[in-house]
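Q: structure for this input, please:
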Amino acid sequence: MASLLDMRRRIKSVKNTQQITKAMKMVAAAKLKRAQDRVTASRPFAGKMTEVLGGLSAKVADDFSHPLLDARGDEKYLVVLISADKGLAGAFNANVIKATQAFLKENSAKQAEMVAVGRKGRDFFKRREIELTDEYIGLTGSGQVNYPDAVEIAEKLIRQFTDDTSIDKVFVVFTEFKTVLSQKPVIQQLLPIPRAEESEAEGETPSAEAEYIYEQPAPEIFGHLLPKYVITQIYRGMLESVASEQGSRMTAMDSASKNAGELIDTLTLNMNRIRQAAITKEIIEVVSGAAAA
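A: The predicted structure is shown next:
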């Protein structure tokens, strides 16, 4: 049986841990509010840009071609995995990694390469049989996403896709923020940019028919808008991932704080029992000694 001193040390240790988890919960809550506001602000723009570009690209499909639009084969994939740089976020990293593993398993006949955004995803797949062509570490550790970082990643992906014609499709995997208690891993085709017919075939709600008047030629318009679309989707994926990470961390730290409180109660009860047993033993020894005298 543990001594009274050991129990006191354990209780003190758990209380110190509880203080840390409570502090981490408060920090995550503050970061979550900022990240959630940025996600909410980015979604309408990203959604409308997808809708407009999908409709435009479908209408000019016969008259215009662009490396980011033209369909290729279906043999080689490039997967962009957005994960966290830190742990202690519940099942956040595990879920997005499992979703990526399931996607790679479903397409095991395809060749696959990976770009890792985040330390946890990089560390996991670095030990697996998949080639990491690039990695970006430390971009989301502060709980914020900088737009220039998304621009750098997107521009490098565009160059890699256009220069390496063996890459047929580029997919981005990130965690979509629903609520503090709910986050969902999402796998989205990034390149070539899906046209409107492809989106409707995949079950998405078709957008209303719209007629557009072009002030500039289609090559000039698409040459500017298509790279912006890729940047927007990468930026949105990083924002969603950061908000999901902070929500998951807040929930995990809240559960850890509650579990620590329950453990403290249990340890305190055991300590009181040990102390009571020690007092009872001393009384018995005193009584026994008095009776012997």
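
Q: check contacts around Ile130.
A: Shown in contact with Ile130 (C-beta atoms under 8 Å, 6 or more residues apart in numbering): 104, 112-114. For the C-beta atoms, the positions are set from N, CA and C on the backbone; glycine is no exception.

Q: neighbour-wise, which one of these leads?
A: Met114 (24 neighbours; other C-beta atoms under 10 Å).

Q: ok, which pair from the contacts of Ile130 is furthest apart?
A: The most widely separated members of these are Leu104 and Glu113, with 10.8 Å between them, by C-beta to C-beta.

Q: part of a strand, is Phe174?
A: Yes: assessed with DSSP: H, G, I helix; E, B strand; the rest coil, Phe174 lies in a strand.

Q: please verify my assumption that it contacts Leu239.
A: No: applying C-beta atoms under 8 Å as the test, Phe174 and Leu239 come out as separate, 9.1 Å apart.

Q: give me the contacts around stretch 27-45.
A: 143-145, 177, 180, 232, 235-236, 239-240, 242-243, 246-247, 249-250, 253.

Q: show the buried residues in these.
A: Neighbour counting with 16 or more other C-beta atoms under 10 Å marks 143, 145, 177, 180, 232, 235-236, 239-240, 242-243, 246-247, 249-250, 253 as buried within the contacts of stretch 27-45.

Q: now the helices for the stretch 151-293 of the chain?
A: 196-201, 218-292 (DSSP state H, counting those that start in this stretch).

Q: how about TSV for those, with distance to Lys33 and mean pLDDT added?
A: Converted to TSV, the helices of the stretch 151-293 of the chain look like this (distance: least, C-beta to C-beta, whole Å; pLDDT from 0 to 100):
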stretch	distance to Lys33	mean pLDDT
helix 196-201	33	51
helix 218-292	9	87
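
Q: turn these into TSV, including distance to Pro67.
A: As requested, the helices of the stretch 151-293 of the chain are exported to TSV (distance: least, C-beta to C-beta, whole Å):
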stretch	distance to Pro67
helix 196-201	17
helix 218-292	9
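
Q: out of the ones you listed, nearest to Glu75?
A: Glu75 lies closest, by C-beta to C-beta, to one member of those: helix 196-201, at 18.1 Å.

Q: what's the weakest-modelled helix or strand in this protein?
A: helix 196-201 (a mean of 51; mean pLDDT, DSSP states H and E).

Q: where does this structure have low pLDDT?
A: Applying pLDDT under 70 to the chain flags the ranges 1-2, 57-64, 195-214, 293.

Q: got a list of what the residue sitting nearest the centre point of it touches?
A: Geometric centre of the chain, nearest residue: Ser241, 3.8 Å, by C-alpha atoms, centre = their mean. Counting by C-beta under 8 Å, 6+ apart, Ser241 touches 82-84, 96, 118, 140, 174-175.

Q: let's see it at 10 Å
A: Contact partners of Ser241, counting by C-beta atoms under 10 Å, 6 or more residues apart in numbering, are 35, 39, 81-84, 92, 96, 117-118, 140, 145, 173-177, 183, 185-186.

Q: do Glu113 as well
A: Contacts of Glu113 (C-beta under 10 Å, 6+ apart): 76-79, 130-134, 160, 164, 166-167, 170.

Q: ok, Lys22 next?
A: Neighbouring residues of Lys22 by C-beta under 10 Å, 6+ apart: 253-254, 256-257, 260-261.

Q: can we see that at 6 Å?
A: Ser257 (C-beta atoms under 6 Å, 6 or more residues apart in numbering).

Q: and the contacts of Ile130, which is closest to Met49?
A: Nearest member of the contacts of Ile130 to Met49, counting by C-beta to C-beta, is Met114, at 25.7 Å.
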